[in-house]
Structure formats: structure tokens, C-alpha cells
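**Student:** Following is a predicted model, sequence given first.
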Amino acid sequence: MLENARAKLAAKRCDLIVANNVGEANAGFAVDTNHVQLVEAEEEGDVPPAPKSEVAHRILDKIVSMLGPEAGTDDAGGRVRELGGEAPAKTRAIAAKRAKAKPRRRN
């Protein structure tokens, strides 16, 4: 699993890959817990088995720490954002597409 994660990290030129072994008992699909490895170019970190919401928070904590001191939270609700820059082009494109889309009707 870790070898595949390292290969994907290099191939996709990412800073971080979250790897999980879906064959592990009480982790992956159809259960409420997960156990993942955070794989960077120079190190790997274990996120021990925990509820998926806790694992997600640990992943976000890692991402925020990777952003460095220029990362922060907004004033309305504490969502993480990057200071001093605009959203990546892909994010802007998705937001523009959603803004043009017709609203869905709720039944």
C-alpha cells in the first residue's frame, strides 16, 4: 500500500497522499472507522484507527500545518483558507459553473 502511495505521490506530483488499506478490519468501506497513512515525499505519518470524522480532522490538521504560517481561518465559522491569494483556477472554474447552473427544485 505504501509503495503504491509513494508512486502515486510522484506520478501526480502531489504534496500529500492519504493511503488506506480497505482490506483492514474496521477500516475503509462499510464501517464507521478508518485507519490511514499520510504519505509525503520525505515522511509518512500514521493516523490511528478512529471514527471517520476524527480521521478527516487529522487529515485537515496536516494540510493546514503544510500551508505554513500564511494559513488561517476566516471570520465566519472557522473554515480554513489561505491568506493573501485567490482560489486556484480549478476552484474558480467550478464556482463559476455552479453560479450559472439552474437551481435544483426541492420536492
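**Tutor:** Done, it's in.

**Student:** What strand or helix carries the residue nearest to residue 14 when sequence neighbours are not counted?
**Tutor:** In space, not counting the residues next to it along the chain, residue 14 is nearest to residue 8; the distance is 7.6 Å by CB to CB, 6 or more residues apart in numbering. For the C-beta atoms, the positions are set from N, CA and C on the backbone; glycine is no exception. Following DSSP states H and E, the helix or strand that holds residue 8 is helix 2-12.

**Student:** Which residues does that helix contact?
**Tutor:** For helix 2-12, the surrounding residues in contact (CB atoms under 8 Å, 6 or more residues apart in numbering) are 14, 16, 17, 19, 37, 39, 40, 41, 44.

**Student:** can you count the residues close to the nearest residue to residue 20 once chain neighbours are set aside?
**Tutor:** Across the structure, with CB to CB, 6+ apart as the measure, the residue nearest residue 20 apart from its sequence neighbours is residue 36 (4.4 Å). Residue neighbour count, defined by other CB atoms under 10 Å, stands at 25 for residue 36.

**Student:** Which strand residues bridge residue 36?
**Tutor:** Residues in a beta bridge with residue 36, per DSSP bridges, are residue 20, residue 47.

**Student:** now the contacts of helix 2-12 as CSV including distance to residue 4 and pLDDT?
**Tutor:** Formatted as CSV, the contacts of helix 2-12 follow (distance: CB to CB, whole Å; pLDDT from 0 to 100):
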residue, distance to residue 4, pLDDT
14, 13, 91
16, 15, 94
17, 9, 93
19, 7, 93
37, 11, 93
39, 10, 94
40, 15, 93
41, 15, 90
44, 13, 91
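
**Student:** tell me the helices in the chain, going along the chain?
**Tutor:** Ranges of helices in the chain, per DSSP state H, are 2-12, 52-67, 89-100.

**Student:** surely residue 32 meets residue 51?
**Tutor:** Yes: between residue 32 and residue 51 a contact is recorded at 6.0 Å, counting by CB atoms under 8 Å.
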